[in-house]
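Enquirer: Just need the structure, nothing else, for what follows:
(one chain, ligands or ions: 1)
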Amino acid sequence: MDSRYERLAAWDKSYVWHPFTQMKDYNRTDPLIIERGEGIMLYDVQGRAYYDGFSSVWLNVHGHNVPELNRAIEEQLGKVAHSTLLGMANVPAVELAEKLVRIAPAGLTKVFYSDSGATGVEIAIKMAFQYWRNTGVPGRTKFITMNQAYHGDTIGAVSVGSIPLYHETFRPMLFSSYTVPYPHAYRHEGGAAGAMEETLSQLESLLRTSGDEIAALIVEPIVQGASGMIVMPPGCLRRMAGLCREYGVLLIADEVATGFGRTGAMFACQLEDVSPDLMVVGKGLTGGYLPVAATLASDLVYNAFYADYEEQKTFFHGHSFTGNPLGCAVAIASLRLMEERGIVEAVDGKAALTAGRLAQLADRPHVGDIRQQGLMAGIELVRDKAAKTPYEWSERIGVRVCMRARELGMLTRPLGNVVVFIPPLVSSDAELAAMLDILAEAIIDVTEEGWGA
Ligand code: PMP
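Expert: Numbers count the residues shown, from 1 in each chain. This is a model prediction of the structure:
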């Protein structure tokens, strides 16, 4: 080990508190310290190369160190790094808003900027809450969320979150939300159709009995990510949106993970022609380069805030780095590259290649379920395939597969017993094949050979 690595590793362990990480476990390992990236590869400080098999937490579109994106930031840097949207505008924020409205589902016409998926969600739920006050219906204060939903880690986002492991500790400080099941076919006795009917009937009965209290339904459209890459049966999102319309409830689509081509359409809502009232985007908005998020709103929502100041309908919310020019400039460049290179259009072909390779794993003794939409996939590993018995948490099966994959040259992160595969959208066929080979080998080594036990 070289001394530079040793020094950095010691400082990392001494000074950095990592997210979603039990530091006692982390500090027993030799930390991976990334120094640079090129294409879809990341390189650590010791020069080892890794495929970025999870798009640096589900956000990378064009790979790393992309000349066109670098140039967009450099050019903007020569003008101004940051100003504000408080009572004024800046060029990239205005131009990006115009572009976003053009590509968004029909009806979303206004862009409110923030700096992470979680803040984008906070904004959406505050807007939905205030929308009803501004329109004279202050009793609509509650939200419906989906079981096992993840919308980020700020208090409002956690309040509409529903993953016990992450969210339960904070329950006493949260507002309460209603939940309905996300349609999950794998362990449902009625399969995909049964899961979908259960979701729709529970949603409808909740709307029928408590609709008057509900401000909005918030949903991760088509794919529920952090719960384990659960893919909705076709038609479900559209019917959920129909129920929201019927009962006059706002629909918030959290496209933080699914947006910008990840699922095969620019936005997952567009796969089912759904136009939400509010849509949250982040992650891939800047190609995964800089922290910019946005909450898009319909005219219906926006107009409820558009009034004389004395009417007290202003949306009092903002962040210091709202509409950051560097971030907006790189987002514009990323969207331009997506268009020029037909990146969204290419996703279906790459997804088919991925599906073909993953299908070769379907017969392995511990591969329970393979779920995929576009270039967003999860492989659920099970102790007993016939009984669909999960591995015990203590077996750390997902962590071990990801550690083995790292050793073999690919980075990804598990979600419990689900191994995630979310490659950068630009991954070539050869790169996809190489990553999927590593993934298969890691799964077999751990689940069949006992690697890392
Ligand atoms: N919503 C969804 C659906 C997400 O997947 C995530 C992050 N994984 C978030 C919100 C939160 O985004 P951020 O981490 O940028 O706050």
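Enquirer: Contacts made by stretch 3-21 with the rest, please.
Expert: Applying Cβ atoms under 8 Å, 6 or more residues apart in numbering, the contact partners of stretch 3-21 are Met23, Tyr26, Asn27, Asp30, Pro31, Ile33, Val45, Gln46. Quick note: C-beta positions are derived from backbone N, CA and C, even for glycine.
Enquirer: Then stretch 323-337?
Expert: Contacts for stretch 323-337 (Cβ under 8 Å, 6+ apart): 61-62, 66, 68-69, 71-73, 75-77, 79-85, 89-93, 95-96, 99, 103, 113, 115, 260, 284-287, 289-292, 321, 343.
Enquirer: Please put the alpha-carbon coordinates of it into CSV.
Expert: Provided in CSV are the C-alpha atoms of stretch 323-337 (Å, rounded to 0.1, in the frame of the first residue of the first chain):
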residue,chain,number,x,y,z
GLY,A,323,-31.0,27.9,-9.8
ASN,A,324,-27.2,27.7,-9.6
PRO,A,325,-25.7,28.9,-12.9
LEU,A,326,-23.0,26.3,-13.1
GLY,A,327,-25.4,23.5,-12.4
CYS,A,328,-28.0,24.8,-14.8
ALA,A,329,-25.4,25.3,-17.5
VAL,A,330,-24.2,21.7,-17.3
ALA,A,331,-27.9,20.5,-17.2
ILE,A,332,-28.5,22.4,-20.5
ALA,A,333,-25.4,20.8,-22.0
SER,A,334,-26.4,17.4,-20.8
LEU,A,335,-29.9,17.7,-22.3
ARG,A,336,-28.4,18.9,-25.6
LEU,A,337,-26.1,15.9,-25.7
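Enquirer: For the remainder of this discussion, apply numbering that starts at 806.
Expert: Happy to do that; since the first residue is 806 now, the last one works out to stretch 1128-1142.
Enquirer: wait, does it make contact with the ligand?
Expert: No - Stretch 1128-1142 is not in contact with the ligand by Cβ under 6 Å from any ligand atom; minimum separation 12.6 Å.
Enquirer: three-state assignment of Ile949?
Expert: When classified by DSSP: H, G, I helix; E, B strand; the rest coil, Ile949 comes out as strand.
Enquirer: from what I can see it touches Ser981, true?
Expert: No - using Cβ atoms under 8 Å, Ile949 is not in contact with Ser981; the gap is 11.4 Å.
Enquirer: So which residues on this structure come close to the ligand?
Expert: Counting by Cβ under 6 Å from any ligand atom, the residues of the chain near the ligand are 921-923, 926, 955-957, 1025, 1030-1031, 1059, 1061-1062, 1087.
Enquirer: Need the max-distance pair from those residues.
Expert: The distance between the two most remote of these (Cβ to Cβ) is 15.9 Å, for Ser921 and Glu1025.
Enquirer: Neighbour count: the two, which is higher?
Expert: Higher neighbour count among Ser921 and Glu1025: Glu1025, with 27 against 19, using other Cβ atoms under 10 Å.
Enquirer: Could you find the closest non-adjacent residue to that one?
Expert: Residue nearest to Glu1025 in three dimensions, not counting chain neighbours: Asp1059, with 5.1 Å by Cβ to Cβ, 6 or more residues apart in numbering.
Enquirer: how near is that neighbour to Phe948?
Expert: 12 Å (Cβ to Cβ, to the nearest Å).
Enquirer: Just to check, Tyr1094 is in contact with Ile878?
Expert: Yes - here Tyr1094 reaches Ile878: they are 7.3 Å apart, a contact under Cβ under 8 Å.
Enquirer: So between those two, which is more surrounded?
Expert: Per other Cβ under 10 Å, whichever of Tyr1094 and Ile878 has more neighbours is Tyr1094, with 25 against 19.
Enquirer: Give me the number of neighbouring residues for the spatially closest residue to that one that is not a sequence neighbour.
Expert: Among residues not flanking Tyr1094 along the chain, Val1135 sits closest, at 4.7 Å (Cβ to Cβ, 6+ apart). If you count neighbours by other Cβ under 10 Å, Val1135 ends up with 28.
Enquirer: same thing with Ser819?
Expert: 8.
Enquirer: which SS class is Ala1182?
Expert: Three-state call for Ala1182 (three-state DSSP): strand.
Enquirer: Skipping adjacent residues, who's closest to it in space?
Expert: Phe1226 (4.4 Å).
Enquirer: Now for that neighbour, how many residues are close by?
Expert: As a burial measure, Phe1226 scores 25 neighbours (other Cβ under 10 Å).
Enquirer: got a list of what it touches?
Expert: Applying Cβ under 8 Å, 6+ apart to Phe1226 gives the contacts Gly858, Phe859, Thr1159, Leu1163, Ala1182, Gly1183, Ile1184, Thr1217, Met1240, Leu1241, Leu1244.
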